[in-house]
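Q: following is a predicted model, sequence given first.
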Amino acid sequence: MSYKPMKNIFKSDLFVRIALREKILFVKHLSIAIKSGMTLLMATQMIRSQSISRSFKKILDEVIKDLNNGAFLSTSLEKYHSVFGDLFINLVRVGEASGTLTENLIYLADELSKQDAFRKKVKGAMVYPMIVLFATVIVVTILMVYLIPRILPVFQNLKVTLPLPTRILIVVSNTFTAYGLWVFVGLVLFIFLMIILLRVKTVRYLLHVSFFYLPILRKVTVQINMASIARTFGILLKSGIKIIEAINITADVIPNLVYQRLLRQAAESVKKGEFVFKSLEANPYFFPSTFTNLLAVGEHTGNLVENLQYLNEFYEHDVDDFTKNISTIIEPLLLMILGFTVGFIALATILPIYQLTQGV
């Protein structure tokens, strides 16, 4: 039996966005309510009455309506596939089919909580660098648009050969003043074009491939995906999903298209009777030996779920270290850029004055 959700997605989910935190609370409250003896319908109605999100209330209204008509919860959630995703829907589906809905909801709550914690770590690590970058842009813009144009005419009227930094600054300032609006429009159009291009799967695949050829990005990309694959694959197997379906669902959940392709190849190999690790270890550039070796031990000893949990913790620890150090890595670079920019402008402004006083 395949647990992969249907591909026909209803129009109702196209513009619906639900916060990850809202989904975590939904899963946690639902599992507790069912465990305490409430029916699925009563539990959903209770959660709906407590929700503060208008979008989520509309979704729960549809779910309640479907449950009243005798539908499964997973069937109702499929209408909002883009909101809940493959992992969410399949864990609910398997839980309903096997009578382990409460346990699967707990697994799901744990997975969503880990995703939420990781996003917060990355956002927290990027706050200070983004503030420095924003400050740099604001300072340079003010200098180039308002201050420099008022000072440079004085230098241009001097009957002396201006230093190279000052001449460069004059060209940049004149360009900024004359074509600043066009530069801004061009930048906006470029960003818009990139967003459109990234919707093309081939372009997105090439971008994901490029991550593996940049030293710092390669390491963290591998670590993040190994942690995510181990966690998702382990949860799916623990919840009772067959290994081939679990691999395919994991491929659907992983956002990196390179790993999606490799996991689907692994699923095809397993269909032919091979071990999972055999297909993965054929791609050592993407799957480290630590990952494939422990996968092999788990498959041979029957402890695959436990080994996947260990691998998840192992790689999550590496990712945690990276998120803690990312500010330390980026902050000095941004401060150097800010210092160089402001220093160059100051030098270009002071040198003509110094040259003039030397001439006097």
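A: Perfect, thanks for sending it. Please read these numbers as outputs of a predicted model, since none were measured by experiment.
Q: C-alpha from now on. contacts and neighbour counts both.
A: Noted.
Q: do I have it right that residue 177 meets residue 145?
A: Yes. Contact criterion Cα atoms under 8 Å: residue 177 and residue 145 qualify, at 6.2 Å.
Q: all helices of the stretch 201-350 of the chain, in order?
A: 201-210, 215-238, 243-253, 257-271, 276-280, 289-301, 304-359 (DSSP state H, counting those that start in this stretch).
Q: so what does the second one touch, helix or strand wise?
A: To tie it back to what came earlier, the one meant is helix 215-238. For helix 215-238, the elements it packs on are helix 101-142, helix 243-253, helix 304-359, judged by 3 or more Cα pairs under 8 Å, 6 or more residues apart in numbering; DSSP states H and E.
Q: give me that answer again for 7 Å
A: helix 243-253, helix 304-359 (3 or more Cα pairs under 7 Å, 6 or more residues apart in numbering; DSSP states H and E).
Q: one more: the fifth one?
A: Contact analysis of helix 276-280 by 3+ Cα pairs under 7 Å, 6+ apart lists helix 257-271, helix 289-301 as its packing neighbours.
Q: put together JSON lines for the ones you listed, with distance to residue 343, mean neighbour count and mean pLDDT on each row.
A: Shown next, in JSON lines, are the helices and strands packed on helix 276-280 (distance: least, Cα to Cα, whole Å; neighbours: other Cα atoms under 10 Å; pLDDT from 0 to 100):
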{"stretch": "helix 257-271", "distance to residue 343": "43", "mean neighbour count": "19", "mean pLDDT": "93"}
{"stretch": "helix 289-301", "distance to residue 343": "48", "mean neighbour count": "16", "mean pLDDT": "93"}
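Q: need these in CSV (columns: distance to residue 95).
A: Listed next are the helices and strands packed on helix 276-280 as CSV, based on distance: least, Cα to Cα, whole Å:
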stretch, distance to residue 95
helix 257-271, 23
helix 289-301, 24
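Q: correct me, but residue 319 touches residue 221?
A: No. Using Cα atoms under 7 Å, residue 319 is not in contact with residue 221; the gap is 9.4 Å.
Q: neighbour count winner among these two?
A: Legend: neighbour count by other Cα atoms under 10 Å for residue 319 and residue 221, higher for residue 319 (23 against 16).
Q: ok, now which ones touch the more buried one?
A: 220, 223-224 (Cα atoms under 7 Å, 6 or more residues apart in numbering).
Q: just the residues you listed now: which is nearest residue 353?
A: Residue 353 has its nearest neighbour among those in residue 220, at 49.0 Å by Cα to Cα.
Q: returning to that earlier point: present the helices and strands packed on helix 215-238 as TSV; the columns should include distance to residue 84.
A: Shown next, in TSV, are these (distance: least, Cα to Cα, whole Å):
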stretch	distance to residue 84
helix 243-253	11
helix 304-359	22
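Q: would you list the ones you listed in a markdown table and tack on distance to residue 285 and mean pLDDT?
A: Formatted as a markdown table, those follow (distance: least, Cα to Cα, whole Å; pLDDT from 0 to 100):
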| stretch | distance to residue 285 | mean pLDDT |
| --- | --- | --- |
| helix 243-253 | 18 | 90 |
| helix 304-359 | 16 | 81 |
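Q: deepest of those, which one?
A: Mean neighbour count (mean count of other Cα atoms under 10 Å) peaks for helix 243-253 among the helices and strands packed on helix 215-238, with a mean of 22.
Q: next one: that helix to chain centre, how far?
A: 19 Å (Cα atoms, centre = their mean, to the nearest Å).
Q: again with stretch 304-317
A: The answer for stretch 304-317 is 20 Å, by Cα atoms, centre = their mean.
Q: the lowest-mean-pLDDT helix or strand in the chain to helix 304-359, inter-axis angle?
A: Ranked by mean pLDDT, DSSP states H and E, the weakest helix or strand in the chain is helix 148-156, scoring a mean of 73. Note on geometry: by axes from the mean of the first three to the mean of the last three Cα atoms, to 10 degrees, helix 148-156 and helix 304-359 are set 40 degrees apart in direction.
Q: just to revisit the earlier point, can you redo the helices of the stretch 201-350 of the chain as a markdown table with distance to residue 192?
A: Formatted as a markdown table, those follow (distance: least, Cα to Cα, whole Å):
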| stretch | distance to residue 192 |
| --- | --- |
| helix 201-210 | 15 |
| helix 215-238 | 24 |
| helix 243-253 | 26 |
| helix 257-271 | 22 |
| helix 276-280 | 37 |
| helix 289-301 | 38 |
| helix 304-359 | 25 |
